[in-house]
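This is the structure alone, sequence omitted:
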DNA sequence: TCGCCTCTAGACCGATCGGTCTAATCGCGC
DNA sequence: GCGCGATTAGACCGATCGGTCTAGAGGCGA
């Protein structure tokens, strides 16, 4: 069940790190989400938390890259693709209770200082997505503007919808 | 020197939390940045880290709000104001080594679970900035799009410029 | 000069952090 | 049925976390 455990760990890391950021995501939270003990983590990811989160970032980047490929295949423009990605993610955020911002956004906003692999994976992810989007024929500047809009919209949507329950003192 | 110590603590919190997010910002890092011992922190902010970071968020929101007021006074449009804020912040990020994303962005992306005051302050900040921008006459939807762009651009700029040194293994 | 009150200083606390290590368990070829 | 590598299980470690508490330094009014 090696591959399965690996995948479960990555999925759990994606979930927890999205919610709390790198530093806020404790190993115990990730492990209990995965339903696996610490030994499994360090067997599959000898590099520990850093390696796991880096793998999670790679995984997410791969998924988004594939989605972009799909949308390009259908002939959508850069702006249309970004709009679709926003809609996709917003729908998913709504489904999961508006608690996530997307793994890459959370990592980018609060980059941990002691996680070189994660930092590298994050940069690689950004490069991959940029390259994927450049296949629409858009200019790098346009791509940066579009992805900037994407990140920002997701962060704001989360802020607007995530926490009302958190700071409502009334019944 | 009460007021001074308070201000120093808030400034230190702004700096450190911007860099590492709420969970990544240790009290010891904040205190050493402020040059004050723990006793001072809990004297001025009995609520501890949560209260301090909430105050820091209020402070930053106030500064940005004032800046928006200035720009509106000069007669700039929403888009022009956002462009100016992006330029302001980018210049400041360049000056500080591209390590910050802005306090509010960092908090919004990785909302801590156990910091109700900070969460409340963050929502208040968002509301204040939205209100300030609405004085340009722009629609709420336009304001959301514009502030989304602002957040995202800053996050991307940081990602692009912050970490090259972090993952360069070469001398 | 004396008391008092504000603020600084940092030792100390339990909890939790990421990480290591050993033992038990599992599945599979023989 | 047996041995063996792969995997799980979790006790354990030092470091650090946020927070509390006592002691004393310093300024100010009487």
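Alright, I've got the coordinates. What you are looking at is a predicted structure, and each value in this text was computed from that prediction instead of being measured.

do you know how far residue A:65 is from residue B:21?
Using Cβ to Cβ, to the nearest Å, one obtains 26 Å as the distance from residue A:65 to residue B:21. (C-beta placed from N, C-alpha, C; glycine too.)

How about residue A:129?
Distance of residue A:129 to residue B:21, computed by Cβ to Cβ: 22 Å.

Need the pLDDT of the most centrally placed residue in chain A.
With distances taken as Cα atoms, centre = their mean, residue A:103 lies nearest the centre of chain A, 2.1 Å away. If you check residue A:103, the pLDDT there is 86.

so who does the residue nearest to residue A:77 when sequence neighbours are not counted touch?
Excluding the flanking residues, the one nearest residue A:77 by Cβ to Cβ, 6 or more residues apart in numbering or on different chains is residue A:136, at 6.2 Å. Contact analysis of residue A:136 by Cβ atoms under 8 Å, 6 or more residues apart in numbering or on different chains lists A:72, A:76, A:77, A:78, A:81.

Surely the residue nearest to the centre of chain A and residue A:55 touch.
No - between residue A:103 and residue A:55 there is no contact under Cβ atoms under 8 Å: 11.2 Å.

Any regions of chain A where pLDDT drops low?
Counting by pLDDT under 70, chain A shows low-confidence ranges at A:1-2, A:97-101, A:161-171.

Packing partners of the top helix by length along chain A?
Using DSSP state H, we find that the single longest helix of chain A is helix A:48-73. Applying 3 or more Cβ pairs under 8 Å, 6 or more residues apart in numbering or on different chains; DSSP states H and E, we find helix A:48-73 packed against helix A:2-24, helix A:27-34, helix A:38-44, helix A:78-95, helix A:103-109, helix A:116-134.

That one near DNA strand D at all?
No - under the criterion of Cβ under 7 Å from any atom of the strand, DNA strand D is not reached by helix A:48-73; the shortest gap measures 11.8 Å.

Please state the offset of that helix from the chain centre?
Put simply, helix A:48-73 sits 8 Å off its chain's centre (Cα atoms, centre = their mean, to the nearest Å).

and stretch A:43-52 with DNA strand C, contact?
Yes - using Cβ under 7 Å from any atom of the strand, stretch A:43-52 comes into contact with DNA strand C via A:46, A:48, A:49, A:50.

Same question for that stretch: list its buried residues.
Buried residues in stretch A:43-52, counted by 16 or more other Cβ atoms under 10 Å in any protein chain shown: A:44, A:45, A:49, A:50, A:51, A:52.

Could you list the residues in contact with it?
The contact list for stretch A:43-52 (Cβ under 8 Å, 6+ apart) reads A:2, A:5-6, A:9-10, A:13, A:27, A:30, A:41-42, A:54-55, A:114-118.

how about a cut-off of 7 Å?
Under the criterion Cβ atoms under 7 Å, 6 or more residues apart in numbering or on different chains, residues A:5, A:6, A:9, A:13, A:27, A:41, A:42, A:55, A:115, A:116, A:117, A:118 lie in contact with stretch A:43-52.

Just flag the most distant two among those.
Farthest pair in the contacts of stretch A:43-52 (Cβ to Cβ) is A:5 and A:116. Separation: 24.4 Å.

mind putting the residues of stretch A:43-52 next to DNA strand C in a markdown table, distance to residue B:85 included?
A markdown table is the format used below for these (distance: Cβ to Cβ, whole Å):
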| residue | distance to residue B:85 |
| --- | --- |
| A:46 | 44 |
| A:48 | 39 |
| A:49 | 35 |
| A:50 | 34 |
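
Quick check: the two most widely separated of these?
Longest span within the residues of stretch A:43-52 next to DNA strand C, Cβ to Cβ: A:46 and A:49, 11.5 Å.

Counting neighbours around each, name which of residue A:129 and residue B:21 comes out higher.
Each of residue A:129 and residue B:21 has its neighbours counted (other Cβ atoms under 10 Å in any protein chain shown); residue B:21 has more, 27 against 19.

Enumerate every residue touching the residue lying closest to the more buried one once chain neighbours are set aside.
In space, residue B:21 comes closest to residue A:110 once its chain neighbours are excluded; the distance is 3.0 Å by Cβ to Cβ, 6+ apart. Residues in contact with residue A:110 (Cβ under 7 Å, 6+ apart) are A:21, A:22, A:23, B:20, B:21, B:24, B:106, B:109, B:110.

Nothing else from me, thank you.
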